[in-house]
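Novice: I need the structure of the sequence given here:
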Amino acid sequence: VRKVDPVPALGESSVVIKMPGGDRVHLPNLKIGCGSKKNLGSKKDKVQRPKIASLMNITILYVGSSLLSPLRDAEREINRVHNMDLHVAAHNFGSPLNDDEWIDIENDLSVANLVFVIHVMDGENASRLLTLLEQHQPTHNAVIVINCMPDLMRRTRLGKLNISALANRANDTGGNTDYVNGRSPLKLIGSIGSWVGKQAKRGHSNKHGHSHYLKLADRLPGILKFVPTAGALTDAKHYLYLFCYFLQPTPANIQAMLLYAIKFYAPEAHLRPRHKIPPPEQMPSVAIYHPAASKLFESLTEYRKWYL
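Specialist: Numbering: from 1, shown residues only. Next comes the predicted model:
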């Protein structure tokens, strides 16, 4: 292939290509770049291109270092087992984000059906995220916020459960939200969420708080069996089940957490898994791990019996 016309100036141009057989191909309105790094495609340019939405899009905004791998595994397994076109976009909010990263986040939020926000406490990141959640609210079928600063927690919205609306109603009625047979979804979630928030503020070095966290992880799945799934509590119970899956973020629990959210809050019924989602997998609060063992050992005696 040989270019016949001289290279035009930067901008909208026409180019004629002479093919080996002698035919000429006219390419109108071809954008010609000057060859700089920016015009060849910077990160910002790439993320601004239109994004093709998958059938099911989940965006997860989190703080931590151990969640990305289980999320990738869960995405792959869900697509393989359920033949679902699921795309999981994950962004770590553990440090300040640059403008290009925020463009990435906004693009993912603009097509997200479900949004998870986990452990986001940084004021600057939270402030920018609040603006984006408000801007793209019509796109999101559910927003699941776990252990974040209060302004973000108010963005929790699943089905008929809207924490912001409930909080406003509580303010209007002097704190009384017991409007369904004396039961309040806000109190049910708040009693657990406020405790987790207090532990986060105290820091990980608080051994007393850590022991309470382990007890909560052990007991909450059992407690939820007695919470009625009816009326205003239905979506509150769904939220707490999602919370349970995350309390012990094993690969199986992370996969089940995504499936559970899809089952109840996917935009289309045909996307929702029909089979029963397994309950939260409960692991020992404290255990001995060996890479060659197929299980965790809850006592030194049990470990020594296996090792010897």
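
Novice: count of neighbours near His136?
Specialist: 18 (other Cβ atoms under 10 Å). For the C-beta atoms, the positions are set from N, CA and C on the backbone; glycine is no exception.

Novice: Which helix or strand contains Asp235?
Specialist: Following DSSP states H and E, one finds Asp235 within helix 233-247.

Novice: for the record, mean pLDDT for stretch 279-297?
Specialist: For stretch 279-297, the mean per-residue pLDDT is 79.

Novice: buried stuff in it?
Specialist: Of the residues in stretch 279-297, those buried under the neighbour-count criterion (16 or more other Cβ atoms under 10 Å) are 279-283, 288, 297.

Novice: For Ala90, which non-adjacent residue is spatially closest?
Specialist: Ile60 (4.7 Å; Cβ to Cβ, 6 or more residues apart in numbering).

Novice: Who are the contact partners of the one you found?
Specialist: Residues near Ile60 by Cβ atoms under 8 Å, 6 or more residues apart in numbering: 67, 71, 88-91, 115-116, 118.

Novice: Neighbours of the closest residue to Pro251 other than its chain neighbours, how many?
Specialist: Nearest in space to Pro251, with sequence neighbours left out and distances taken as Cβ to Cβ, 6+ apart, is Pro70 at 4.7 Å. Residue neighbour count, defined by other Cβ under 10 Å, stands at 18 for Pro70.

Novice: quick one: Pro70 and Ala256 touch, right?
Specialist: No - checked against Cβ atoms under 8 Å, the pair Pro70 and Ala256 is beyond contact range at 11.0 Å.

Novice: what are the ranges of the helices in this protein?
Specialist: Secondary structure of the chain (DSSP state H): helices at 37-41, 43-47, 68-82, 99-111, 123-135, 150-153, 163-172, 185-202, 207-224, 233-247, 251-265, 300-307.

Novice: distance between the ends of stretch 77-94?
Specialist: Taking Cα to Cα, to the nearest Å as the measure, stretch 77-94 stretches 27 Å from start to finish.

Novice: what about that stretch, average pLDDT?
Specialist: The average pLDDT within stretch 77-94 is 92.
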